[in-house]
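Peer 1: coords please:
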Amino acid sequence: MRLNHNSVPSELRQIAHYAEWWGALTEEAERNKLVDRASIEAVRNLYEVFSNYETALMGWLNGPEANAEREPSRAYIAFSCVLMAALYGKLRLGA
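Peer 2: Down below sits the predicted model:
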């Protein structure tokens with residue numbers, strides 16, 4: 001999935017490629033299968049990267065777009081999904 005990087009907060013743009021890959025699956029079961037099939041190294045990297053950006057990410061996901069009357073952007077949805085993938089990956093890592 002290609003995202004419009006202009007719809008991503010500037011502090012998160014450098015990790016948008018994670019959302020383009022890991023956040024492409026909005027269905028939880030499919031996303032979890034992707035995490036289950038990934039190498040431990042890939043899952044660890046996903047979790048560590050998103051742990052480092054947690055403040056900026058949560059600021060965006062809990063911000064005005066979360067309560068907007070209009071549908072959230074594709075980027076917002078993808079970053080929400082990649083966050084869920086990272087948290088699921090944390091379980092897989094036993095972290």
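
Peer 1: centroid residue for the protein?
Peer 2: By C-alpha atoms, centre = their mean, the chain has its centre lying nearest to Val82, at 2.1 Å.

Peer 1: which SSE is the residue of the chain most remote from its centre in?
Peer 2: Using C-alpha atoms, centre = their mean, the residue of the chain lying farthest from its centre is Glu69. It sits 22.0 Å away. Following DSSP states H and E, one finds Glu69 outside all helices and strands.

Peer 1: extract the C-alpha set from the longest helix seen in the chain and format it as CSV.
Peer 2: Longest helix in the chain, counting residues (DSSP state H): helix 74-93. Once non-C-alpha atoms are left out, helix 74-93 reads as follows in CSV (Å, rounded to 0.1, in the frame of the first residue of the first chain):
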residue,chain,number,x,y,z
ARG,A,74,-5.6,5.8,4.9
ALA,A,75,-2.4,6.8,6.6
TYR,A,76,-4.1,7.1,10.0
ILE,A,77,-5.7,3.6,9.5
ALA,A,78,-2.4,2.1,8.4
PHE,A,79,-0.5,3.5,11.4
SER,A,80,-3.3,2.2,13.7
CYS,A,81,-2.9,-1.2,12.1
VAL,A,82,0.9,-1.3,12.3
LEU,A,83,0.6,-0.3,16.0
MET,A,84,-1.6,-3.3,16.6
ALA,A,85,0.9,-5.5,14.7
ALA,A,86,3.7,-4.2,16.9
LEU,A,87,1.7,-4.9,20.0
TYR,A,88,0.8,-8.4,18.8
GLY,A,89,4.5,-8.8,18.0
LYS,A,90,5.3,-7.9,21.6
LEU,A,91,3.3,-10.9,22.7
ARG,A,92,5.1,-13.1,20.3
LEU,A,93,8.4,-11.9,21.7
